[in-house]
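K.L.:
need a structure here:
(chains A and B)
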Amino acid sequence: MNTKLKAISLKIIYPRWEKLKGQTTFNLPPHGPVVFAATLPEQVSVSFTDENVDTIDFDEPCDLVAISMMLSTQVKRGWAIATEYRKRGIKVMFGGISTMLHAEETLQYADSIFLGESEGRMEQVLLDWQNGCLKKVYNYMGQFPPIESVGPARRDLYKRDLYNHKGVQMVDLFHASRGCRFSCYPCAVAYLGGRQFRPRPMWRVEEELRTIENNRLFVVDNSLAQNKEWELKLFETMIPFKKKWISHTIDDDPEVLRMAAKAGAWYVYQAVYDTSPYIKERIKRYHDNGIGVEGTILLGLDNQTEDDCRRLIDFLLEIDLDLAEFTVMTPFPHTKGYDDLLRQNRIFDFDWDHYNAGQVVFYPKHMSPDKLQELYDYAWKTFYHDESQEAKMTRLFTRVMMREMEDGTYRPRDRRLIGKSFGKDVVRTTLTQ
Amino acid sequence: MKVPESYYDEIFAFAGQWDVPSSCGLKIRKNGDETYVIVTELYQDNPGTSVTAAGWSLASQICEKKQLDIRKVHYIECNPDTHSKLSFYDEAYYEVGFFDETGARRPVPVYTQLAPEKIRQAII
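P.N.:
The predicted structure follows:
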């Protein structure tokens, strides 16, 4: 049995999923695969295909395939890709968030599944493969590696031109912590990353930020509002990099908001769950600090009647949101939502392709599934009736460009890619008589 | 979202899905010939799998440890009242049916919601 790893060529694949109809589609460079790639030993040469923007060449030679999945809507495609490779005699392993959520099913299509976080663990896995004794399951659920072992992601693997829309580079994804102390009704993060908030040390944050060339980021941590002291320290660390960034919720605290703005907060995703003056004030406080707000609105919860949903949608028009994103309640496995709806026998659709948060898969408490679907469509149409999603995005984009011009970080569009959108030619329509 | 201690007599540590260390509140009550096993979800104090996701595995672990016949107990899952503003965290009880009429184990258990008042009157 060899105890030294030989050279291996590993292909990482990120399966495609069907985007929601009628919505502006942006393909961001995925984070999970490149975080995983950073945990591979140096003997491994890696290639990466994001099927959302690229085509898989199943005949390209490789020793081993790793399929990385984040969404439930990726799993069925991931299984199909695995089947193709296994037909060719190539072993396939799976990892990532939705592998953990759909582990038992995924096992049927895999030579191996990896559950948990991969820092410090891949050398042994690859040695097992090399020695012909790859395990069916590598189970590290709940056994989190030291957070300081999380190094900079392998962003060099991205084919950068494919994450570009008409010359504008998409944001890079970045994470400063793992785990979440909250355990929200529709969310599986507590199951996946643990209920303990695990911040990365600031020297690691700095190290990673130094490796990112992009001047715009999406800080993908589940919620930055976990610990005020840490949040302030994070923003202080970010200031010198002059990045402009998007994130999920940050603390509703004057000092935190001020520091976030100084650190380059561009806009945040903020849940809008009722029509209270508090929400209105909260949005205003972000705006007062020059931070934009994309409201995230979850429709179909048990406490919402049809009238409540309509009132909520009308309310959004009054509170000066920059953008809004509507989703329908979706019972993802390993959430309280799933447990409750399962026990009440209210889930009627278990086709994971439909778990895109835009398709109703359960019986809502106060209306029919069709009615909820109709309300979801009504919400998108109503909010973007007077100004389209693209126009609102352009306004937010203009705002960030102005800030960048002020602090000298603005980079003009890449003229080479002005006629391309995510690797495809932009089709221009001309009106002719 | 701390679960009040009145919901359980002991914290039961169990191996959750994929052996993740997990815990739940546990109360076992006898009422005549009937034995009631009530497992309570601990939310923030459960580091692993929920009582519902653990289902059969959790019931088996409890019955083995407490020397109970899993076929003869009323196995009840409890969502405790955590005094949350959100109605999803209201108190709720479900009796879990692991076996069908013939005594065979169901691939997916059947859940019957029970009124909290009834539970309190009958067994607590």
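
K.L.:
report the contact partners of A:P254.
P.N.:
Residues near A:P254 by CB atoms under 8 Å, 6 or more residues apart in numbering or on different chains: A:R285. Yep, even glycine has a C-beta here, placed from its N, CA and C like the rest.

K.L.:
how close does it sit to A:L232?
P.N.:
12 Å (CB to CB, to the nearest Å).

K.L.:
do A:D349 as well
P.N.:
44 Å.

K.L.:
looking at the two, which is more packed in?
P.N.:
Neighbour totals were compared for A:D349 and A:L232, and A:L232 leads with 18 against 14 (other CB atoms under 10 Å in any protein chain shown).

K.L.:
quick check: residues of chain B near chain A?
P.N.:
Residues of chain B that fall close to chain A, judged by CB under 8 Å from any CB of the partner chain: B:1, B:16-21, B:43-44, B:46-50, B:52-53, B:77, B:79, B:86-89, B:92, B:94, B:111, B:113.

K.L.:
please flag which of those residues sit within helices.
P.N.:
B:52-53 (DSSP state H).

K.L.:
centre of the chain versus the lowest-mean-pLDDT helix or strand in chain A, how much separation?
P.N.:
Among the helices and strands of chain A, helix A:189-193 carries the lowest confidence by mean pLDDT, DSSP states H and E, at a mean of 86. When distances are taken as CA atoms, centre = their mean, to the nearest Å, helix A:189-193 is centred 14 Å away from the chain's centroid.

K.L.:
in stretch A:287-303, which residues are buried?
P.N.:
A:289-302 (16 or more other CB atoms under 10 Å in any protein chain shown).

K.L.:
now intersect those residues with the strands, please.
P.N.:
Among those, DSSP state E puts A:292-299 in strands.

K.L.:
got those residues as JSON lines, with distance to A:A260 and pLDDT columns?
P.N.:
Formatted as JSON lines, these follow (distance: CB to CB, whole Å; pLDDT from 0 to 100):
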{"residue": "A:G292", "distance to A:A260": "12", "pLDDT": "97"}
{"residue": "A:V293", "distance to A:A260": "12", "pLDDT": "97"}
{"residue": "A:E294", "distance to A:A260": "15", "pLDDT": "96"}
{"residue": "A:G295", "distance to A:A260": "18", "pLDDT": "96"}
{"residue": "A:T296", "distance to A:A260": "18", "pLDDT": "95"}
{"residue": "A:I297", "distance to A:A260": "22", "pLDDT": "96"}
{"residue": "A:L298", "distance to A:A260": "24", "pLDDT": "95"}
{"residue": "A:L299", "distance to A:A260": "28", "pLDDT": "96"}
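
K.L.:
residues in contact with the most centrally placed residue in chain B?
P.N.:
Nearest to the geometric centre of chain B sits B:V39, at 2.5 Å (CA atoms, centre = their mean). By CB under 8 Å, 6+ apart, B:V39 lies in contact with B:12, B:24-26, B:51, B:58-59, B:62, B:75-78.

K.L.:
Three-state assignment for it, please.
P.N.:
strand (DSSP: H, G, I helix; E, B strand; the rest coil).

K.L.:
quickly list what it is bridged to.
P.N.:
Residues in a beta bridge with B:V39, per DSSP bridges, are B:L26, B:E77.

K.L.:
what about it, distance to chain A?
P.N.:
12 Å (CB to the nearest CB, to the nearest Å).

K.L.:
show me the helices in chain A, by range?
P.N.:
Per DSSP H, chain A carries helices over the ranges A:32-37, A:75-87, A:97-101, A:103-107, A:122-130, A:189-193, A:202-211, A:228-238, A:254-262, A:277-288, A:306-318, A:336-343, A:369-383, A:389-407.

K.L.:
lowest mean pLDDT across these, which one is that?
P.N.:
The weakest mean pLDDT among those belongs to helix A:189-193, with a mean of 86.

K.L.:
going by distance to A:D340, which of the buried residues of stretch A:287-303 wins?
P.N.:
Closest approach between the buried residues of stretch A:287-303 and A:D340, by CB to CB: A:D302, at 8.2 Å.

K.L.:
what sits against the closest one?
P.N.:
So A:D302 contacts A:364-366, B:87-88 (CB under 8 Å, 6+ apart).

K.L.:
out of the residues you listed, which is most surrounded?
P.N.:
Using other CB under 10 Å as the neighbour criterion, A:P364 leads the contacts of A:D302 with 24 neighbours.

K.L.:
so which bits of the stretch 251-400 of chain A are right by chain B?
P.N.:
A:301-303, A:333-334, A:336-337, A:339-340, A:342-345.

K.L.:
most neighbours of all those, which one?
P.N.:
Ranked by neighbours (other CB under 10 Å), these are led by A:G337, which has 24 neighbours.

K.L.:
go ahead and confirm that one touches A:M329.
P.N.:
Yes - here A:G337 reaches A:M329: they are 6.6 Å apart, a contact under CB atoms under 8 Å.

K.L.:
which neighbours do the two share?
P.N.:
A:P186.

K.L.:
okay then, goodbye and thanks.
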